[in-house]
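> Next input, structure requested:
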Amino acid sequence: MDFDIESNSYIFLGCKFDCKSGLTIKKNSVINNSCRIDPRGGVFIGENVSISQDVVILTADHDLNTSKFDGRTGKVVIEDYVWIGTRATILKGLIIGKGAVIAAGSIVTKDIEPYTVVAGIPAKVIGRRSIDLSYKLNYKRLFQ
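Predicted coordinates for the structure are as follows:
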């Protein structure tokens, strides 16, 4: 694979990728098991990002208003200290700001501002997170 994964970052078993390039993961981040990541349009994951089980990150869709159902892509950027809850979905072309939290089961259709907590379908702001974040994730397990 042609992914760029920095030190102390992990991808657990059962994850699926739509292609073998276009994924960048910075230090101390984790993609938990059974996620689907579509890096065709590019996926950037910052430092100390926790992506929970069964998350879907999409970078491609179709333009339903074109006669040929044209495909289109858009890069997804997930900044440092983001936590994405179980079974959340991130749609193409979005920026998830530093320290943001996406609640389990949410569908993100718009950019998320730094340090906001969002939930729902579509995801809406439900709170704020402390801006004093300095932890380092280390999710190394026996089986990854």
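> how near is Ser34 to Val77?
Distance check for Ser34 against Val77: by Cβ to Cβ, to the nearest Å, it reads 23 Å. All C-beta spots, glycine's among them, are computed from the backbone N, C-alpha and C.
> And Lys124, by the same measure?
Lys124 is 20 Å from Val77, by Cβ to Cβ.
> Among those two, which residue is more densely surrounded?
Val77 (17 against 11; other Cβ atoms under 10 Å).
> Just say helix, strand or coil for that one.
The three-state label given to Val77 by DSSP: H, G, I helix; E, B strand; the rest coil is strand.
> correct me, but it touches Phe44?
Yes: counting by Cβ atoms under 8 Å, Val77 touches Phe44, with 4.8 Å between them.
> In space, what's closest to Gly127 - neighbours in sequence excluded?
Val117 (4.0 Å; Cβ to Cβ, 6 or more residues apart in numbering).
> for the most far-flung residue of the chain relative to its centre, what are its contacts?
Distance from the centre of the chain peaks at Ser67, with 31.0 Å (Cα atoms, centre = their mean). Residues near Ser67 by Cβ atoms under 8 Å, 6 or more residues apart in numbering: none.
> Could you measure from the closest residue in space to Ser50 that isn't next to it in sequence over to Ser52?
Excluding its sequence neighbours, the residue lying closest to Ser50 (Cβ to Cβ, 6+ apart) is Trp83, at 4.7 Å. Trp83 is 8 Å from Ser52, where distance means Cβ to Cβ.
> okay but Lys92 is in contact with Leu58, surely?
Yes: with contact defined as Cβ under 8 Å, Lys92 reaches Leu58; the gap is 5.4 Å.
> got any residues that touch both of these two?
Joint contacts of Lys92 and Leu58 (Cβ under 8 Å, 6+ apart) are Val76.
> Pull the number of nearby residues for the nearest residue to Glu113 once chain neighbours are set aside.
Of all residues not flanking Glu113 in the chain, Gly97 sits nearest, at 5.1 Å (Cβ to Cβ, 6+ apart). As a burial measure, Gly97 scores 17 neighbours (other Cβ under 10 Å).
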